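Enquirer: Need a 3D model of the following:
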Amino acid sequence: MPNQILSGLRILIVEDVAATRRLIARLLGSLGCQDLIEADGVETAWQHLNGQRIDLMLLDHELLDGTGIKLIQDLRANSDSPNHSVPTIMLTGHSEAAVVEQSISAGADGFLVKPVMPDKLGRRILEVLASRKNGVARSAGRGPRTEVRWT
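Expert: Residues are numbered from 1 along each chain as shown. Purely as a prediction, here's the structure:
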């Protein structure tokens, strides 16, 4: 996979474990993404989501100050947020079917199970962005769903 495929994207990483956040940032950097924003929880994520344009959000399921599911639900319900419909991939250690279903129902566009390899992460990001570009945008509980794959 070319190493500059994510060049020009601004990606928000919402992950409460600093070492995991740094690893994800390095993976994204190896794919050409240099405009990375890191949030260690829901509160910090909201500050970024309400303050600047985000092209994609990578979101952990379990956060110290809440859940990724709740963050997606609240974001999708908040039409005043400039990132109300930001493409979102749930990136978590949970692979249970219930977590996948909750994530997609809440408005996630994709799902990946950690740990993840750079090529798989890059492909999933490109798939989600292509789906959005082709009009397969999601809003919580409405509209077409993107394909969810177990990884």
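Enquirer: what number of residues lie near Gly51?
Expert: A count of neighbours around Gly51, defined by other C-beta atoms under 10 Å, yields 11. All C-beta atoms are positioned from the backbone trio N, CA, C, and that covers glycine.
Enquirer: Could you pull up the residues touching it?
Expert: With contacts taken as C-beta atoms under 8 Å, 6 or more residues apart in numbering, Gly51 has no neighbouring residues.
Enquirer: how about a cut-off of 10 Å?
Expert: Counting by C-beta atoms under 10 Å, 6 or more residues apart in numbering, Gly51 touches 37, 82-83.
Enquirer: can you check Leu63 too?
Expert: For Leu63, the set of contacting residues under the criterion of C-beta under 10 Å, 6+ apart consists of 14-17, 39-45, 70-71.
Enquirer: Rebuild the residues you listed as JSON lines, extending it with secondary structure, distance to Val116 and neighbour count.
Expert: Shown next, in JSON lines, are those (DSSP: H, G, I helix; E, B strand; the rest coil; distance: C-beta to C-beta, whole Å; neighbours: other C-beta atoms under 10 Å):
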{"residue": "Val14", "secondary structure": "strand", "distance to Val116": "15", "neighbour count": "26"}
{"residue": "Glu15", "secondary structure": "coil", "distance to Val116": "12", "neighbour count": "26"}
{"residue": "Asp16", "secondary structure": "coil", "distance to Val116": "17", "neighbour count": "17"}
{"residue": "Val17", "secondary structure": "coil", "distance to Val116": "14", "neighbour count": "16"}
{"residue": "Ala39", "secondary structure": "strand", "distance to Val116": "19", "neighbour count": "23"}
{"residue": "Asp40", "secondary structure": "coil", "distance to Val116": "19", "neighbour count": "18"}
{"residue": "Gly41", "secondary structure": "coil", "distance to Val116": "21", "neighbour count": "16"}
{"residue": "Val42", "secondary structure": "helix", "distance to Val116": "22", "neighbour count": "20"}
{"residue": "Glu43", "secondary structure": "helix", "distance to Val116": "25", "neighbour count": "13"}
{"residue": "Thr44", "secondary structure": "helix", "distance to Val116": "22", "neighbour count": "17"}
{"residue": "Ala45", "secondary structure": "helix", "distance to Val116": "20", "neighbour count": "27"}
{"residue": "Lys70", "secondary structure": "helix", "distance to Val116": "23", "neighbour count": "12"}
{"residue": "Leu71", "secondary structure": "helix", "distance to Val116": "20", "neighbour count": "27"}
